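S.K.: no letters, just coordinates:
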RNA sequence: GCGCCCGUAGCUCAACGGAUAGAGUUGUGGACUUCGAAUCCAAAGGUUACAGGUUCGAAUCCUGUCGGGCGCGCCA
């Protein structure tokens, strides 16, 4: 019976052998196993590992190809390295295949759910703030990306040995909240989610939209009465003018447009302000906000009631998506917290007070404390506290940041928020630095691109109804999963009572893998008409491979009395097909992928890895039978057992990786 | 105007500064009496937006140009 070293030990052994060979040929190189980084050759025919000799050659001041050739020439095979070949500047290593496959399979078999787990983040306690919704409307597809990224990130960090606190900062106060409340007060007829049968967050969202529509109508009437073109309100007109100028080819027309732009000045903003100042509706919303801040019992009661509905709705969506939180912060609790700190900043001389009483941080100070962040940016001074003492977003964020570190003794604080807020967080972290908090260096904005709609479909804006609603999206996906299951019901292996559960699991796998495989800094294009596929490079395909392996293992146990736990003397040397090596080689990468993912705060490498692993497995499986035909004959027992072991290792890694992404892996589907 | 991000196959996306830039999808042609066809195989698809530069080597780094997105609020 053969025993195998653990994978990490084995890889270290390879590096040591290699280092020894290099030392022997080039005693001056001073190279050790720790200096060696092993890569994957472009084709496994060349070898399982590759050592690029560029750094070594630089050290020796020789040509990398000659160095590689010299080392290869002297190499004597070891128990683990069968062959060392130079190919240009690379040394390609061909390992003793049976041993390598044994190491990988046995390591996975022994470590099970802990394969790939590390202590990389030992001693660090990290808060991952994500989701952070407003309580005036339901979650949309943009929030979905946020939630999935946040959840996966938290999982990965925990797996890498960090202490992790998952937090949600609920934005539950402000004018936008009052808008929904006012609309409900005016036109709601005391309806409730129960009475209307509408999910709480959607119901409140309807009133928000109703308010915005009413305000829009008011603006139209106002514009007509003042004889000002409606398009001149707000900043949008200025923006469209700029675009027109850009596109304009005719010089005289262009001059005319540029003239108009100069004339415009701040008119758009001015018109909008003038409109709002006299607006009946907006005035009422503001009054409601003031009453809220003064603890008016009636307003507070309404606020409590409606926020309760929204949060109930969110909870349902979070449960469906599998989002978990250890701590909820509510802006209504924390919004006053920043005030004292901001005042303190004035005393310290890092912020300043305007004659009207408002408090600001100057652009100069920001440049001073974070020169690199603001290089080349024409910054304006930033308001931290209004003249009337009320908070803005920044005030609240300063307070909450401090509270987080106090509450949990954090070493790092991560904010999963879309990239449109990059500047906001640069300023926030700089303000914290100015206040003298040393941990400000350990605050990180984890940003990701937006979710965009296909060309011609406008932008995702919940106010204008172009947003793709999160709940709608999920239920549409579930409906499609059920349709698909119906189509292929003959081969379905799901018991009747688990149909709904499985359909949800598949739908979410499709959604999550679709979103999580894309690099964080890219926008995702989402086409609501095509939604998301279930075949090809998708989450369900990964689940499918996993379910098939589970089924095969069950069959092996039930019909062929093979107890996987008792397979102790497996001859991995029988696995000599290139596809089997390809799968093994990929399994052995998993711990590195997880490590990279954790260190870069990015889970997309894991998603891409799983898609690729699944593809390689499917190819192997199509070519090399495990428990069918001749494989059931006695003379093939050993080969069959080895293949079963490898398949099980694949299933284990799929399950671990998918759980890091927050995706289920059902045993039947 | 200033700043940040993106530009890779028809489409959606991969590729620690490294070897012949890879998948899926679409379309074409094959493979189910046999481990689950949500699968596999084959051919097809590229001047990595463009122009320079850095070096042994650039899709990746630097400069410029062109496209697209976002930001520069007493909104959050």
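M.R.: Structure's in. What do you need? This one's a predicted model, so the numbers in the text were calculated from it and none came from an experiment.
S.K.: for RNA strand B, what's the nearest residue on chain A?
M.R.: residue A:536 (2.3 Å; C-beta to the nearest atom of the strand). To be clear about C-beta, it is placed using only N, CA and C from the backbone, and glycine gets the same treatment.
S.K.: where does that residue sit: helix, strand or coil?
M.R.: coil (DSSP: H, G, I helix; E, B strand; the rest coil).
S.K.: just give me the neighbour total for it.
M.R.: Using other C-beta atoms under 10 Å, the number of residues around residue A:536 comes to 9.
S.K.: which residues are in contact with it?
M.R.: Residues near residue A:536 by C-beta atoms under 8 Å, 6 or more residues apart in numbering: none.
S.K.: please report how far it lies from residue A:41.
M.R.: Using C-beta to C-beta, to the nearest Å, residue A:536 is found at 27 Å from residue A:41.
S.K.: cool, residue A:275 as well?
M.R.: 67 Å.
S.K.: with residue A:544 instead?
M.R.: 30 Å.
S.K.: and the residue of chain A closest to RNA strand B, its phi and psi?
M.R.: phi 90, psi -140 (degrees, to the nearest 10).
S.K.: what's the pLDDT at it?
M.R.: pLDDT, residue A:536: 93.
S.K.: list the contacts of stretch A:595-606.
M.R.: Taking C-beta under 8 Å, 6+ apart as the rule, stretch A:595-606 contacts A:118, A:120-121, A:149, A:152-153, A:155-157, A:159-160, A:162, A:414, A:444, A:446, A:516-520, A:593-594, A:657, A:660-661.
S.K.: same question, stretch A:612-622
M.R.: With C-beta under 8 Å, 6+ apart, stretch A:612-622 has contacts from A:537, A:541-542, A:545, A:548, A:577, A:579-580, A:582-583, A:586-587, A:647, A:650, A:653-654, A:657.
S.K.: filter the residues you listed to the buried ones?
M.R.: Using 16 or more other C-beta atoms under 10 Å as the burial test, those include A:537, A:541-542, A:545, A:548, A:579-580, A:582-583, A:586-587, A:647, A:650, A:653-654, A:657 as buried.
S.K.: tell me the least confident of those residues?
M.R.: residue A:537 (93).
S.K.: got a list of what residue A:166 touches?
M.R.: A:127, A:128, A:130, A:150, A:151, A:154, A:324, A:325, A:326, A:327.
S.K.: can you do 6 Å?
M.R.: A:128, A:154, A:325, A:326 (C-beta atoms under 6 Å, 6 or more residues apart in numbering).
S.K.: of those residues, select the buried ones using a PyMOL command.
M.R.: Buried residues within the contacts of residue A:166, by 16+ other C-beta under 10 Å, are selected in PyMOL with:
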select buried, chain A and resi 128+154+325
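S.K.: among the contacts of residue A:166, which ones are in strands?
M.R.: residue A:128 (DSSP state E).
S.K.: the contacts of residue A:166 into TSV, with extra columns for distance to RNA strand B and pLDDT?
M.R.: Output for these, formatted as TSV (distance: C-beta to the nearest atom of the strand, whole Å; pLDDT from 0 to 100):
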residue	distance to RNA strand B	pLDDT
A:128	19	98
A:154	21	98
A:325	18	98
A:326	22	98
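S.K.: so what does the helix or strand where residue A:583 lies touch, helix or strand wise?
M.R.: Here residue A:583 sits within helix A:578-587, counting by DSSP states H and E. Packing partners of helix A:578-587 (3 or more C-beta pairs under 6 Å, 6 or more residues apart in numbering; DSSP states H and E): helix A:97-111, helix A:604-623.
S.K.: tell me the mean pLDDT for the first one?
M.R.: Meaning helix A:97-111. 96.
S.K.: ok, and what's touching it?
M.R.: Residues from elsewhere that reach helix A:97-111, judged by C-beta under 6 Å, 6+ apart: A:4, A:6-7, A:10, A:80, A:115, A:572-573, A:575, A:584, A:587-588, A:645-646, A:649, A:652.
S.K.: switch to 7 Å and redo it
M.R.: A:2, A:4-7, A:10, A:48, A:80, A:115, A:572-573, A:575-576, A:581, A:584, A:587-588, A:645-646, A:649, A:652-653 (C-beta atoms under 7 Å, 6 or more residues apart in numbering).
S.K.: looking at the residues you listed, which are in helices?
M.R.: A:7, A:10, A:581, A:584, A:587, A:645, A:646, A:649, A:652, A:653 (DSSP state H).
S.K.: between these, which sits nearest residue A:201?
M.R.: Closest approach between those and residue A:201, by C-beta to C-beta: residue A:653, at 37.3 Å.
S.K.: buried ones among the contacts of stretch A:595-606?
M.R.: For the contacts of stretch A:595-606, buried by 16+ other C-beta under 10 Å: A:118, A:121, A:149, A:152-153, A:155-157, A:159-160, A:162, A:414, A:446, A:516-518, A:520, A:593-594, A:657, A:660-661.
S.K.: report the mean confidence score over the longest helix anywhere in chain A.
M.R.: The residue-count maximum for a helix in chain A (DSSP H) belongs to helix A:200-226. Here helix A:200-226 scores 90 as its mean pLDDT.
S.K.: list the helices and strands it packs on?
M.R.: helix A:175-187, helix A:193-196, helix A:280-293, helix A:297-321 (3 or more C-beta pairs under 7 Å, 6 or more residues apart in numbering; DSSP states H and E).
S.K.: tell me the secondary structure at the nearest residue to residue A:454 once chain neighbours are set aside.
M.R.: Nearest non-adjacent residue to residue A:454, counting by C-beta to C-beta, 6 or more residues apart in numbering: residue A:527, 4.9 Å away. When classified by three-state DSSP, residue A:527 comes out as coil.
S.K.: likewise for the one 3 residues further on?
M.R.: Taking three-state DSSP as the rule, one finds residue A:530 in the coil state.
S.K.: can you give me the distance of it to residue A:141?
M.R.: 14 Å.
S.K.: who's more crowded, these two?
M.R.: Just comparing residue A:530 and residue A:141: by other C-beta under 10 Å the higher neighbour count belongs to residue A:141, 23 against 8.
S.K.: contacting residues around that one?
M.R.: Contacts of residue A:141 by C-beta under 7 Å, 6+ apart are A:451, A:460, A:467, A:468, A:470, A:473, A:526.
S.K.: how far away is residue A:316 from residue A:131?
M.R.: Counting by C-beta to C-beta, the gap from residue A:316 to residue A:131 is 14 Å.
S.K.: next one: residue A:417
M.R.: 10 Å.
S.K.: tell me which of those two has more neighbours.
M.R.: Using other C-beta under 10 Å as the criterion, residue A:417 and residue A:131 rank with residue A:131 on top: 26 against 21.
S.K.: just to be sure, the more buried one is in a helix?
M.R.: No. Counting by three-state DSSP, residue A:131 is located in no helix; its state is coil.
S.K.: what sits against it?
M.R.: A:143, A:146, A:147, A:150, A:168, A:323.
S.K.: chain center to the host helix or strand of the third one, what's the gap?
M.R.: To tie it back to what came earlier, the one meant is residue A:147. Using DSSP H and E, residue A:147 maps to helix A:141-159. With C-alpha atoms, centre = their mean, to the nearest Å as the basis, helix A:141-159 stands 4 Å off its chain's centre.
S.K.: before we move on, the earlier item: near RNA strand B, from the contacts of stretch A:595-606?
M.R.: A:517, A:518, A:519 (C-beta under 7 Å from any atom of the strand).
S.K.: ok, the spatially most central residue of chain A - contacts?
M.R.: Nearest residue to the geometric centre of chain A (C-alpha atoms, centre = their mean): residue A:149, 2.1 Å. Residues counted as contacts of residue A:149 (C-beta under 7 Å, 6+ apart) are A:416, A:448, A:603.
S.K.: give me the number of residues near the first one?
M.R.: Same thing as residue A:416. 26.
S.K.: cool, and the second one?
M.R.: Counted by other C-beta under 10 Å, the residues lying close to residue A:448 total 25.
S.K.: isn't it up against residue A:420?
M.R.: No. Using C-beta atoms under 7 Å, residue A:448 makes no contact with residue A:420, being 10.3 Å away.
S.K.: stretch A:493-504 near RNA strand B at all?
M.R.: Yes. Residues of stretch A:493-504 contacting RNA strand B under C-beta under 7 Å from any atom of the strand: residue A:493.
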